[in-house]
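A.B. asks: dropping a prediction and its sequence here:
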Amino acid sequence: MDSLITAAARALAAGDPFTALNRVALRDDAAALALRGIAMAQLGDLARARSLLRRARRAFGPREGLARARCRLAEAEVALANRDLLSAPETLEAARRILARHGDGINAAHADLLITHHLILVGRLDDAEERLERLDVPALPSALEAVYELARAGIALRRLRPKQAGAALARADAAA
C-alpha cells in the first residue's frame, strides 16, 4: 500500500472521512475507490458509497480475493443501512469464508455480525442466536463487541425480554 492509501485508511478508522477523501479524491485505482466508498458511507451518502464499493470490487483483480471480499462486506453493510433485505446473505457468507480463510478474523466476525443483523431484521431469531453463539466474543475488538451486544439486545426486545435487553444494552454501552 502506498502512503496516501495508508493515511486515508487511518483517517477512516479514526472516523475522519474528510481527511480520507482529501487523500484519495482524485484517484481511480481499486484501493482508492474502496476507501472513497467507505468515506461516503460514513458521511451518509449511501447510494454513492454503494456505487464506489461496487466499482472497487470489480477493479480488484482475480488474485485479490481478500480485497474483493472486504468490498463485499462493506457493500453488505451499506445495503443493511438502506434496509435492503433482498441482498443475498449467501454472498456475505461467501465473503466471510474468504476473510476467515485469509486470516482476517476481525472482518470475518464483522461479516458474521452483519449476517446476524440481517437474520434479526427478517425475523429469524433462532438462527441469529445460533450465529451469535459461534462467535468468540473475548477475541472481538470493543467496537464489534458493542455490535454483538446490540444484536443480543435486538433479539431480546423482539422476544419481549426487557431485562435481558437492558443488560445487553448496558454491556454494549460499556464496550463502546
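C.D. replies: Now that the structure is in, tell me what you want to look at.
A.B. asks: may I have the secondary structure class of D126?
C.D. replies: helix (DSSP: H, G, I helix; E, B strand; the rest coil).
A.B. asks: heads up, I number from 58, so please use that
C.D. replies: Sounds good: first residue 58 from here, last item D183.
A.B. asks: burial of it, as a residue count?
C.D. replies: As a burial measure, D183 scores 10 neighbours (other C-beta atoms under 10 Å). Heads up, the C-betas are built off the backbone N, CA and C, glycines and all.
A.B. asks: also the one 3 residues further on?
C.D. replies: The local packing count at E186 equals 17, with neighbours defined by other C-beta under 10 Å.
A.B. asks: which residues of the protein fall in helices?
C.D. replies: 60-70, 74-81, 87-100, 103-116, 122-138, 146-158, 162-178, 182-190, 199-215, 219-232 (DSSP state H).
A.B. asks: how about the ones you listed in CSV, adding mean pLDDT?
C.D. replies: Below are those laid out as CSV (pLDDT from 0 to 100):
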stretch, mean pLDDT
helix 60-70, 90
helix 74-81, 92
helix 87-100, 93
helix 103-116, 93
helix 122-138, 89
helix 146-158, 87
helix 162-178, 93
helix 182-190, 95
helix 199-215, 95
helix 219-232, 96
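A.B. asks: contacts made by stretch 158-165 with the rest, please.
C.D. replies: When contacts are defined by C-beta atoms under 8 Å, 6 or more residues apart in numbering, stretch 158-165 is touched by residues 122-123, 126-127, 130, 153, 156-157, 196-198, 201.
A.B. asks: same deal with stretch 122-137?
C.D. replies: The contact list for stretch 122-137 (C-beta under 8 Å, 6+ apart) reads 87-88, 91, 94-95, 98, 103, 106-107, 110-111, 113-114, 117, 144, 148-149, 151-153, 155-156, 159, 161, 164, 167-168, 171, 174-175, 178.
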